[in-house]
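1. sharing a sequence plus its predicted fold:
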Amino acid sequence: MQKLTHIKENPSQTAGPYVHIGCVPNFCGITGVYDQDLGASMVNDQTKGDRITVTGSVFDGTGTPLKDALVEIWQADANGIYPNGDPRGDADQNFTGWGRAAGDYDTGVWSFETIKPGAVPFPDGRMMAPHISFWIVARGINIGLQTRMYFPNDPMLADDPWLTRIEHQNRVQTLIATEKTPTTFQFDIHLQGPDETIFFDV
Amino acid sequence: MTDGPLFHRDRNWHPKGFTPDYKTSVVRSPQKALLSMNTTLSEETGPVFGHEMLGDLDNDLILNFAQPGEMALGQRIIVHGRVLDENGRGVPGALLEFWQANAGGRYRHAKEGYLAPLDPNFGGCGRTITGDDGGYAFRTIKPGAYPWPNGVNDWRPAHIHFSVFGRSFGQRLITQMYFEGDPMIPLCPIVRTISDPDAVAQLIAPLDMNNTIPMDARAYKFDIVLRGRRSTLFENRMEGN
């Protein structure tokens, strides 16, 4: 028999408690190596779209917020085009699409200043409701957790081709942010418990 | 033929979330099954980074935090290798970020309490972007082993943390590199979150005497493999669409 030539992905290991040193050194007091931490700024004053703040905390199974989590997000621009690799065209040049934030050492709260993304298509062409992809790492998390944040009161949610594939529809609300003000959305992530966020193997 | 969905992750090759010997994982691991999905544009696209953002010393941890004319203390090493995808193709333009303890096993971090001293000339972070063939290299000092609060006498083997970006947000990976011959590796509860010995072996960098710089620095080789993408040989669509 012939052999397949695929090779294996490197196994993951936890980011550990000192992830800040490598990913957000200025945040943890290591200054003078990089000008600024990557992912600290997603928008500038030319960016098109509705400005929003996305904030939240990551909670462990005891209900305690993680003080050492690192959260990254990736999203489309206001027209629903991703800034890199999108075959449908060029995105807003003034939008990075990618953000990285560390939880506050005392409270665990993280936040992003961004814009509301547009809808993007599912592989079969149907449109997915506007959403932000999340990737969460921390001490005690052996492989980065993937989830998505959707926006409340969005009429596209009911027919979203991703969300409608979820068997337990009573869990879908764990993916929907809470509107704190018209421009501020809170998205708390629960690693365990009755409100455990849906995490994806995708 | 264009790039299709990302290969599914082999969740038996990766560590599971719940690994009670690594105690912190007990309350930080999802208890419900991950929901398996095929990738969409949201996972197949991702941020890319240009070489122009790199400073001259970003890939030199011996100098990038040192006072002028000084250097970090420790055994000088070069870490090099390639970033590949599961199809064996080099991944150009991949951003690698790395961080580590100093030669005494101490991190420069507010929450670090180990009694080993800080090195005033060592910050512990670096980064680089792969070249056209997926190759990369950086210079550093070999980190020390250190004790950590898990069991009463658990020690981390010497290691370097890596954060890796490919072309897709769904390829995002954080892992750790260990050093050939270190007797601490099989004792470590974090290493042991990985159950397949071949997967552990993939994280151990061999000494590479051919790329060692005589009278200066030894070399270790560490290749990093990211998820591959399917070729869209046939579209999974209803006839007539």
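-> That came in fine, so what should we check first? The model shown is predicted, which means the values in this text are computed figures rather than measured ones.
2. which residues does the residue nearest the centre of chain A bridge with?
-> Taking Cα atoms, centre = their mean as the criterion, A:Phe134 is the residue nearest the geometric centre of chain A, at 2.1 Å. On the basis of DSSP bridges, A:Phe134 is bridged to A:Ile73, A:Thr147.
3. in contact with it, which residues?
-> Going by Cβ atoms under 8 Å, 6 or more residues apart in numbering or on different chains, A:Phe134 touches A:Val71, A:Glu72, A:Ile73, A:Leu145, A:Gln146, A:Thr147, A:Arg148, A:Met149, A:Phe187, A:Ile189. The C-beta positions use only the backbone N, C-alpha and C, and glycine is treated the same way.
4. correct me, but B:Ser42 touches B:Phe169?
-> Yes - proximity of B:Ser42 to B:Phe169 meets the contact threshold set by Cβ atoms under 8 Å, at 7.2 Å.
5. give me the most central residue, chain B.
-> Chain B has B:Phe162 as the residue nearest its centroid, 2.6 Å off, counting by Cα atoms, centre = their mean.
6. would you quantify the distance from it to A:Leu70?
-> From B:Phe162 across to A:Leu70, the span is 14 Å (Cβ to Cβ, to the nearest Å).
7. quick check: bridge partners of A:Ile189?
-> When bridges are called by DSSP bridges, A:Ile189 pairs up with A:Val58.
8. and it, how many residues sit next to it?
-> Per other Cβ atoms under 10 Å in any protein chain shown, the neighbour tally for A:Ile189 reads 24.
9. same thing with A:Asn79?
-> Taking other Cβ under 10 Å as the criterion, the count of residues near A:Asn79 is 16.
10. which residues touch the nearest residue to it once chain neighbours are set aside?
-> Closest residue to A:Asn79 apart from its sequence neighbours, by Cβ to Cβ, 6 or more residues apart in numbering or on different chains: A:Gly118 at 4.9 Å. By Cβ under 8 Å, 6+ apart, A:Gly118 lies in contact with A:Gly49, A:Ala76, A:Asp77, A:Ala78, A:Asn79, A:Gly80, A:Ile81, A:Pro130.
11. make TSV from those and add secondary structure, pLDDT and distance to A:Glu9 to it.
-> Formatted as TSV, these follow (DSSP: H, G, I helix; E, B strand; the rest coil; pLDDT from 0 to 100; distance: Cβ to Cβ, whole Å):
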residue	secondary structure	pLDDT	distance to A:Glu9
A:Gly49	coil	98	34
A:Ala76	coil	98	26
A:Asp77	coil	98	29
A:Ala78	coil	98	34
A:Asn79	coil	98	33
A:Gly80	coil	98	29
A:Ile81	coil	98	28
A:Pro130	coil	98	30
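12. turn those residues into TSV, including distance to A:Asn26.
-> Conversion of the contacts of A:Gly118 to TSV gives the following (distance: Cβ to Cβ, whole Å):
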residue	distance to A:Asn26
A:Gly49	27
A:Ala76	28
A:Asp77	26
A:Ala78	29
A:Asn79	32
A:Gly80	32
A:Ile81	30
A:Pro130	31
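13. re the thing from before, before we move on, what SS does the residue nearest to A:Asn79 have?
-> What DSSP: H, G, I helix; E, B strand; the rest coil gives for A:Gly118 is coil.
14. so what's residue 136 up against?
-> Going with chain A. Residues in contact with A:Ile136 (Cβ under 8 Å, 6+ apart) are A:Val58, A:Ala69, A:Leu70, A:Val71, A:Glu72, A:Gly144, A:Leu145, A:Thr147, A:Ile189.
15. actually it's chain B I care about, not the one you picked
-> The contact partners of B:Tyr136, taken as Cβ under 8 Å, 6+ apart, are B:Asn59, B:His80, B:Gly81, B:Arg82, B:Val83, B:Ala94, B:Leu96, B:Thr128, B:Ile129, B:Thr130.
16. can you rerun that using 7 Å?
-> Taking Cβ atoms under 7 Å, 6 or more residues apart in numbering or on different chains, we find B:Tyr136 in contact with B:His80, B:Gly81, B:Val83, B:Leu96, B:Thr128, B:Thr130.
17. likewise A:Leu175?
-> Taking Cβ under 7 Å, 6+ apart as the test, what A:Leu175 contacts is A:Thr147, A:Arg148, A:Met149, A:Tyr150, A:Ile198.
18. most neighbours among those, which one?
-> The member of these surrounded by the most neighbours (other Cβ under 10 Å) is A:Arg148, with 26 neighbours in all.
19. all helices for chain B, in order.
-> Remark: helices assigned in chain B by DSSP state H are B:41-44, B:197-201.
20. give me the distance from the first one to the chain's centre.
-> Read that as helix B:41-44. Mean C-alpha position of helix B:41-44 versus that of the full chain (Cα atoms, centre = their mean, to the nearest Å) differs by 22 Å.
21. so it, near chain A or not?
-> Yes - interface with chain A: helix B:41-44 contributes B:Leu41, B:Ser42, B:Glu43, B:Glu44 (Cβ under 7 Å from any Cβ of the partner chain).
22. ok, and for that helix, which residues are buried?
-> B:Leu41, B:Ser42, B:Glu43, B:Glu44 (16 or more other Cβ atoms under 10 Å in any protein chain shown).
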